[in-house]
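Chemist: Below is the sequence, then the predicted model.
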Amino acid sequence: MPEWLLDAPDRPRVCVVWGNSPRRMVGADAFALPRILRALDGLGVEVVLAAGPKDAAELDDLPPWVRLLED
């Protein structure tokens, strides 16, 4: 666990956990991470995104309010 995760955040913290089950069950159309991040944009939260390297690589540049935890 990264040290910064233990620090009190400046704003509410939301954790998004993304596994590979949706893709295995539904296919590539199940990759909803970009839509999820767009939905959280503007809410004034810090997002901690737990995603595997393959999924993280498919995201464009992450906004500064998103912190990536790759497994």
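Modeler: Yep, that arrived. Quantities reported herein were computed from a predicted structural model and do not represent experimental measurements. Residues are numbered from 1 along each chain as shown.
Chemist: Send me the helix or strand of the chain with the lowest mean pLDDT as CSV with only the CA atoms.
Modeler: Lowest on mean pLDDT, DSSP states H and E among the helices and strands of the chain sits helix 21-26, with a mean of 75. C-alpha atoms of helix 21-26 as CSV (Å, rounded to 0.1, in the frame of the first residue of the first chain):
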residue,chain,number,x,y,z
SER,A,21,-14.6,-10.1,-15.0
PRO,A,22,-16.8,-7.7,-17.0
ARG,A,23,-14.6,-8.1,-20.1
ARG,A,24,-14.5,-11.9,-19.8
MET,A,25,-18.3,-12.1,-19.5
VAL,A,26,-19.4,-9.4,-21.9
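Chemist: Any idea how far it is from the middle of the chain?
Modeler: Centroid displacement of helix 21-26 relative to its chain, using CA atoms, centre = their mean, to the nearest Å, is 17 Å.
Chemist: For the next helix-or-strand element following it, which residues meet the burial criterion?
Modeler: Tracing the chain past helix 21-26, the next element assigned as helix or strand by DSSP states H and E is helix 33-40. The neighbour-count check on helix 33-40 (16 or more other CB atoms under 10 Å) flags 33, 37, 40 as buried. (C-beta placed from N, C-alpha, C; glycine too.)
Chemist: Thank you kindly, that will do.
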